[in-house]
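Asker: I'd like to go over a predicted model; first the sequence, then the structure.
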Amino acid sequence: MELLLTTLVSGAVLGALYALMASGLSLVWTTLGVFNFAHGALMMIGACVAWTVSEPLGLGLWIGMAAGVGAAAMLGVIIEYLLVRPFYGRPNMLLITVMTTLAAMIVMEKSAQMIWGARLKQLPRLIEGDVSFFGAVFSAHEALIIVIAPVILIALWAFATRTATGRSLRAVGQNQDAAALLGINVPLTFAIAFGLGAALAGLAGVLLGGIRFITPTLGAEPLVKAMIVVIFGGLGSLGATVGAAFVIGMAEAFLVLVVGLYWTPFMLFLGLIVVLIFRPNGLFGRA
C-alpha cells in the first residue's frame, strides 16, 4: 500500500510538471501553429536565473523564482521577435521555425554552460520538511508542486476564456486574417503567446530545480516528455494537454516501478504510437 501511494504521488508530481510545461508548448502551437523547440532551454534558463538570484546574490528563493520566470518570459518574446516573426506567412514556416528554435536551444544551452559552468547546482526547496500520507512519506516541496500546478492551470484557463487578451489568443489561433479584420494586433498576440508559454516553462524549471540538479541540459528530457503529452492529448486543446500530462506522469511512475528506468522511455513512445494508430488526433482530440 505504501509503495502504491508513493508511486501515485510521484506520478502526480511528474504530471503537474509536465502539465505546466506542455500547456505552454500547446499555447504556442494553438496560437501560431509552430512548435517551440527552445522550450526546454527556457525551462533551464528559468532555473539558472532563479539559482543565481537566490543563492549567489542571496535575495531569497521567492525573488529568485520571480526573476527566473520573468527572464524566461522575456527570452520567449525575444525568440518570437527575432527567430519566428520574420517568417510569418511563408509556406515553409513550420520547417523554418523548427530550425530556428532548435538553433536557439543550442545557443542557450552553450551560453548557460559558459555563464554558469557545468557544475551541478540545485535550488532550495520551496518548503522544507516531509509530508506523511497513509504511511507514504514525500517532501513538502513535491506536495506544493501538486497544489501549485492546478492553481496555475486554472488561472491560465480563466485568462484564456474570461479576458479580452485570452480571447484574442484564441481568435488568432482560429483565423489570423479574421482576427486582424476585427482589430486584433496579431503580432502582439503572438508575442504574448510566446512569452506566456516561456513563463510556464520557466516556472516548471524553478520547481524542478528543487528536485533535480540544474545543468545546461536540464530541459532536454522534459521537452521530449512535453511533446509526447501535447501529441498524446491532441493538438490544440489546453484541457486535453493537461489531462494527457497526468496520464503520462502516472504511466511513467508505474512503468519505472514495473519495467525499470531504462525501458520506460521506450514504453512511453510505444504507447504513443499505439494511441496515434487508433486515435490519430490524440487520446482526447476531436476527430
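Answerer: That came in fine, so what should we check first?
Asker: pLDDT weak spots in the protein?
Answerer: Scanning the chain for pLDDT under 70 picks out 1, 133-136, 235-236, 284-287.
Asker: can you give me the strands in it?
Answerer: Taking DSSP state E as the criterion, the chain contains strands spanning 130-133, 136-139.
Asker: what's around the closest residue in space to residue 45 that isn't next to it in sequence, how many residues?
Answerer: Residue nearest to residue 45 in three dimensions, not counting chain neighbours: residue 72, with 5.5 Å by C-beta to C-beta, 6 or more residues apart in numbering. For every residue, glycine as well, the C-beta is placed using N, CA and C. Number of residues near residue 72 (other C-beta atoms under 10 Å) recorded here: 32.
Asker: quick check, residue 72 in contact with residue 198.
Answerer: Yes: contact criterion C-beta atoms under 8 Å: residue 72 and residue 198 qualify, at 4.7 Å.
Asker: and for those two, which residues touch both?
Answerer: Common neighbours of residue 72 and residue 198 (criterion: C-beta atoms under 8 Å, 6 or more residues apart in numbering): residue 42.
Asker: ranking the strands of the chain by burial, who's on top?
Answerer: strand 136-139 (a mean of 16; mean count of other C-beta atoms under 10 Å).
Asker: for it, which strands pair with it and how are they oriented?
Answerer: If you go by DSSP bridges, strand 136-139 pairs up with strand 130-133 (antiparallel).
Asker: all helices of the chain, in order?
Answerer: Assigned by DSSP state H, the helices in the chain fall at 2-32, 39-54, 61-79, 93-116, 140-162, 164-174, 176-181, 186-209, 220-233, 238-258, 264-278.
Asker: list the buried residues of stretch 104-115.
Answerer: Neighbour-count burial for stretch 104-115, counted by 16 or more other C-beta atoms under 10 Å, picks out 104, 105, 108, 109, 112.
Asker: quick one: distance of that stretch to the chain centre.
Answerer: Relative to its chain's centre, stretch 104-115 lies at 19 Å (C-alpha atoms, centre = their mean, to the nearest Å).
Asker: residue 128 contacts residue 210, correct?
Answerer: No: under the criterion of C-beta under 8 Å, residue 128 makes no contact with residue 210, lying 10.3 Å away.
Asker: of those two, give the one with the bigger neighbour count.
Answerer: residue 210 (22 against 9).
Asker: ok so, going back, of the helices of the chain, which approaches residue 86 most closely?
Answerer: Among the helices of the chain, the nearest to residue 86 by C-beta to C-beta is helix 93-116 (8.9 Å).
Asker: packing partners of that closest one?
Answerer: Applying 3 or more C-beta pairs under 8 Å, 6 or more residues apart in numbering; DSSP states H and E, one finds that helix 93-116 contacts helix 39-54, helix 61-79.
Asker: the last one - contacts with which helices or strands?
Answerer: Yep, that's helix 61-79 we're talking about. On a contact count with 3+ C-beta pairs under 8 Å, 6+ apart, helix 61-79 meets helix 39-54, helix 93-116, helix 186-209.
Asker: pick the most buried one from the helices and strands packed on helix 93-116.
Answerer: Mean neighbour count (mean count of other C-beta under 10 Å) peaks for helix 39-54 among the helices and strands packed on helix 93-116, with a mean of 28.
Asker: mind saving the C-alpha coords of that helix as PDB?
Answerer: The C-alpha trace of helix 39-54 is given here as PDB (Å, rounded to 0.1, in the frame of the first residue of the first chain):
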ATOM      1  CA  HIS A  39      11.000  25.500 -24.800                       C
ATOM      2  CA  GLY A  40      13.200  23.100 -22.700                       C
ATOM      3  CA  ALA A  41      16.100  25.500 -22.800                       C
ATOM      4  CA  LEU A  42      13.800  28.300 -21.500                       C
ATOM      5  CA  MET A  43      13.000  25.900 -18.600                       C
ATOM      6  CA  MET A  44      16.700  25.600 -17.900                       C
ATOM      7  CA  ILE A  45      17.300  29.400 -18.100                       C
ATOM      8  CA  GLY A  46      14.500  30.000 -15.600                       C
ATOM      9  CA  ALA A  47      16.100  27.600 -13.100                       C
ATOM     10  CA  CYS A  48      19.600  29.000 -13.600                       C
ATOM     11  CA  VAL A  49      18.500  32.600 -13.100                       C
ATOM     12  CA  ALA A  50      16.400  31.700 -10.100                       C
ATOM     13  CA  TRP A  51      19.500  29.900  -8.600                       C
ATOM     14  CA  THR A  52      21.700  33.000  -9.300                       C
ATOM     15  CA  VAL A  53      19.300  35.400  -7.700                       C
ATOM     16  CA  SER A  54      18.500  33.200  -4.700                       C
END
